[in-house]
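Q: Need the 3D shape of this:
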Amino acid sequence: EYEQAIAAFEEASEIDPKNPESYIGIAKVYKAQNNYEEATNTLNIAIEYVDKKDASQIKTALKETSREQKEYEDIQKENEAAAFKSELSELVSQYGIFNDKQSAIVDDSSIEWLDPQGVMSANVMDFDNDGASEMLVFYSKPCTQDETMYSIMMDMYEFQNGVAELADSTIALGYVYASESASYGDSGMLCKDQGVDVGYCYNIANVNGENLILCQDEEICSLYCDGVYLEYWAMAYNGTKFQYRFDYAQNGPGSDGFEYYGYEFKDGDVSNKKLCYSQYDDPSSDGSGYAKALTEYFKQYGVSTDV
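A: I've put the predicted structure just below:
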């Protein structure tokens, strides 16, 4: 129906290019489809063809189109905010809100002191630079394999057809940790009798025109052994799914003989792996060699560090 109407008006404009009603008619059809960009383009073209005495009619139509577009976009933003808020409320209702200030001193590894479940954060912005906003949510929930363990999840929602639809969901782990977890079927980072000090944080930064989700996982196994695990990585949302961009991780937990590797990715798959730092080859005794290697690694991607 819309296509037929546009075709009819276009035919009329070809017969009489100076007739403003043809262009205004085409613009009205586009506006009926909420396609204000094409409506504006059509009216701008019309100004080049119509007589000067009719130009004011086209300019008036342009002003009306601009006003209607703003009203439409304002309503869309309100609906989008309401949809995202509704989805976030459902997650909070299901999992609660995570308390990141929890701590305890225990002398028995079986003591349950941590409430590991809950929504951690939510960010709304245009992650994939497509002109529309998405909502990124971090939260912790029971693992599928072992419900005594809890995974930190990251979900991305798109506003489509008037509702917030889940576009992609993944466990918020670095590439190395995720690969190792897949091999032994455990992706849990938290549990009620937590015996590992976990420092997990993320930031969002625009790097070379792309919005990156920069993550950091620091774990100290102080209750059971003297062990440390560190991993830093970046992910991006490409409009349909999350993909790794780069990763910097040690080859395994421990407190001596650290080696850190850098991973590069293409279309989400590893394209290169290289040794960035080895404690065996570091002549410094104050950790400055590690800090320098970490800084240099992220610098190549345009990301600054504070170590």
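Q: Could I get the pLDDT score of Met235?
A: In the predicted model, Met235 carries a pLDDT score of 96.
Q: A strand includes it, no?
A: Yes: applying DSSP: H, G, I helix; E, B strand; the rest coil, one finds Met235 inside a strand.
Q: isn't it right up against Asp247?
A: No: using Cβ atoms under 8 Å, Met235 is not in contact with Asp247; the gap is 9.3 Å. Quick note: C-beta positions are derived from backbone N, CA and C, even for glycine.
Q: between those two, what contacts are shared?
A: Between them, Met235 and Asp247 share no contacting residue under Cβ atoms under 8 Å, 6 or more residues apart in numbering.
Q: Which secondary structure element is home to Phe243?
A: Wrong residue type there; residue 243 is Gln, not Phe. Taking DSSP states H and E as the definition, Gln243 sits inside strand 242-250.
Q: Pairing partners for the following helix or strand past that strand, with directions?
A: Scanning forward in sequence from strand 242-250, with DSSP H and E defining helices and strands, the next element found is strand 259-266. For strand 259-266, sheet partners with direction are given as strand 242-250 (antiparallel), strand 269-278 (antiparallel), following DSSP bridges.
Q: Arrange these in JSON lines, one row each, with mean pLDDT and distance to Glu73 as further columns.
A: Supplementary listing: the strands paired with strand 259-266 in JSON lines, determined by pLDDT from 0 to 100; distance: least, Cβ to Cβ, whole Å:
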{"stretch": "strand 242-250", "mean pLDDT": "94", "distance to Glu73": "28"}
{"stretch": "strand 269-278", "mean pLDDT": "92", "distance to Glu73": "38"}
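Q: right, and those strands - which one's nearest Phe98?
A: Phe98 lies closest to strand 242-250 among the strands paired with strand 259-266, at 20.3 Å (Cβ to Cβ).
Q: How many residues are close by Leu114?
A: Here the number of neighbours of Leu114 (other Cβ atoms under 10 Å) works out to 18.
Q: and it, what does it touch?
A: Gln102, Ala104, Leu190, Cys191, Lys192, Asp193, Gln194.
Q: For the third one, give me the pLDDT.
A: Which is Leu190. 90.
Q: Torsion angles phi and psi at it?
A: In this entry, Leu190 is assigned phi and psi values of phi -130, psi 150 (degrees, to the nearest 10).
Q: I'd like the average pLDDT over stretch 90-105.
A: If you average the pLDDT values across stretch 90-105, you get 93.
Q: swap that for stretch 212-221, please
A: Predicted confidence along stretch 212-221 averages 87 (mean pLDDT).
Q: Contacts made by it with the rest, please.
A: The list of residues contacting stretch 212-221 from outside it, by Cβ under 8 Å, 6+ apart, reads 136, 154, 172-174, 177, 189, 195-206, 227-237, 242, 245, 253, 303.
Q: ok so, going back, show the buried residues in the contacts of Leu114.
A: Leu190, Cys191, Gln194 (16 or more other Cβ atoms under 10 Å).
Q: Among those residues, pick out the one closest to Cys276, please.
A: Compare each of the buried ones among the contacts of Leu114 with Cys276 using Cβ to Cβ and the shortest gap goes to Leu190, at 28.4 Å.
Q: So the closest one sits against Pro116, correct?
A: Yes: the pair Leu190 and Pro116 passes the contact test of Cβ under 8 Å, sitting 3.7 Å apart.
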